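Q: What would the 3D arrangement of this be:
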Amino acid sequence: MRGTALAETTLPVILVNGKDRGNGRVFTLLHEFCHLALRQSGVSNVGSDRNDAPNPAVEKFCNAVAAATLMPRDWLLSERLVNQKNGQKSWRDDELEALALRFGVSAYFSDGEQRFRAIMSGEFRRS
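A: Okay, the predicted model is just below:
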């Protein structure tokens, strides 16, 4: 378990696994906070946004919010590496890792890789 959000009206609670790395805990905290903002309890595990999760749409949304908070679109698009790639769809793992390092995240956290891939394909340039 990475984290849990209990969306109780009187006393909402967020629990974060203290054994996770610092950046992972920040992502989880943001993810769980999103659950509270939606007033929906949730438990985060690695890969919990898969279709077999109790509510995959909510999990994907919470992941996207956390990723967007940690990796703002404008900052990503202003990165030299992103501009050098110029919308190319093929990135090496070391390039993803270098970009992730700049933002203090893992290139392979739940929605993060999808966000990087969206940037690569030019999706964020159009929005």
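Q: Tell me the pLDDT of Phe124.
A: On the pLDDT scale, Phe124 is placed at 47.
Q: What of Ser127?
A: For Ser127, pLDDT reads 43.
Q: what's the answer for Gln40, then?
A: pLDDT at Gln40 comes out at 93.
Q: In a helix, it, correct?
A: No: read with DSSP: H, G, I helix; E, B strand; the rest coil, Gln40 is coil and lies in no helix.
Q: residues touching it, list them.
A: Ala5, Ala7, Asn55, Val58 (CB atoms under 8 Å, 6 or more residues apart in numbering). Quick note: C-beta positions are derived from backbone N, CA and C, even for glycine.
Q: three-state assignment of the first one?
A: On the three-state scheme (three-state DSSP), Ala5 is labelled strand.
Q: out of the contacts of Gln40, which is most surrounded?
A: Ala5 (27 neighbours; other CB atoms under 10 Å).
Q: Touching, that residue and Leu29? I think so.
A: No: between Ala5 and Leu29 there is no contact under CB atoms under 8 Å: 9.7 Å.
Q: Now do the shared contacts for these two.
A: By CB under 8 Å, 6+ apart, the residues touching both Ala5 and Leu29 are Ile14.
Q: which residues in this structure form helices?
A: 22-37, 56-70, 73-78, 80-85, 93-103, 112-121, 123-126 (DSSP state H).
Q: Least confident of the ones you listed, on average?
A: What stands lowest among these, in mean pLDDT terms, is helix 123-126, with a mean of 46.
Q: ok so, going back, reformat the contacts of Gln40 as a markdown table; add distance to Arg21.
A: What follows is the contacts of Gln40, written out as a markdown table (distance: CB to CB, whole Å):
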| residue | distance to Arg21 |
| --- | --- |
| Ala5 | 20 |
| Ala7 | 26 |
| Asn55 | 26 |
| Val58 | 24 |
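Q: can you count the residues close to Lys85?
A: With other CB under 10 Å as criterion, Lys85 counts 17.
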